[in-house]
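*Asks:* Here you go, sequence then predicted model.
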Amino acid sequence: VQLQAFGGGLVQAGGSLRLSCAASGSIFRINAMTWHRQAPGKQRELVAEITRDGITNYADSVKGRFTISRDNAKSTVYLQMNSLKAEDTAVYSCGCAVQREGTWWLSHYWGQGTQVTVSS
């Protein structure tokens, strides 16, 4: 299973970016999908997560500014980021819990991150 994230870049404070991440490979079903981020010198933190049924959870630092969504038919998760702040600067990575074809258990996969830089 491969995950490919797109949409990072450089944006001014107050601006917006939309990240997307598509999963591909031997997938029967994708359960939870997540976005994490890691800033230089800091630990990786959960930004947002979404269940297959669309239930969402956000880090306090992004509530009201970020929105996670998914398209199950496309095996894709999105992160709409509005009102960006300099402290949102980080490498953003997507992850998912996947039931692969021919199996009954879940495996967790991570994609390579995409850099988001917010200038103040």
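*Replies:* That came in fine, so what should we check first?

*Asks:* Now do the contacts for the residue lying farthest from the centre of the chain.
*Replies:* When distances are taken from the C-alpha mean of the chain, Gly102 lies farthest, 26.3 Å away, according to C-alpha atoms, centre = their mean. By C-beta atoms under 8 Å, 6 or more residues apart in numbering, Gly102 lies in contact with 26, 28. Where you see a C-beta, it was placed from the backbone N, CA and C, and this is true even at glycine.

*Asks:* Can you give me every residue that contacts the residue nearest the centre of the chain?
*Replies:* In the chain, the centroid-proximal residue (C-alpha atoms, centre = their mean) is Trp35; its distance is 2.7 Å. Residues in contact with Trp35 (C-beta under 8 Å, 6+ apart) are 19, 21, 46-49, 68, 77, 79, 92-95.

*Asks:* do that again at 6 Å, thanks
*Replies:* Trp35 sits next to 47-48, 79, 92, 94 when contact means C-beta atoms under 6 Å, 6 or more residues apart in numbering.

*Asks:* Please tell me how far it sits from Thr103.
*Replies:* 25 Å (C-beta to C-beta, to the nearest Å).

*Asks:* which SSE is Val116 in?
*Replies:* Here Val116, judged by DSSP states H and E, is contained in strand 114-119.

*Asks:* and that strand, what does it pack onto?
*Replies:* If you count contacts as 3 or more C-beta pairs under 6 Å, 6 or more residues apart in numbering; DSSP states H and E, strand 114-119 packs onto strand 9-12, strand 90-100.

*Asks:* Give me the sheet partners of it and which way each runs.
*Replies:* strand 9-12 (parallel), strand 90-100 (antiparallel) (DSSP bridges).

*Asks:* hey, where'd the strands end up in the chain?
*Replies:* Assigned by DSSP state E, the chain shows strands spanning 2-6, 9-12, 17-24, 27-38, 45-50, 56-58, 66-71, 76-81, 90-100, 106-110, 114-119.
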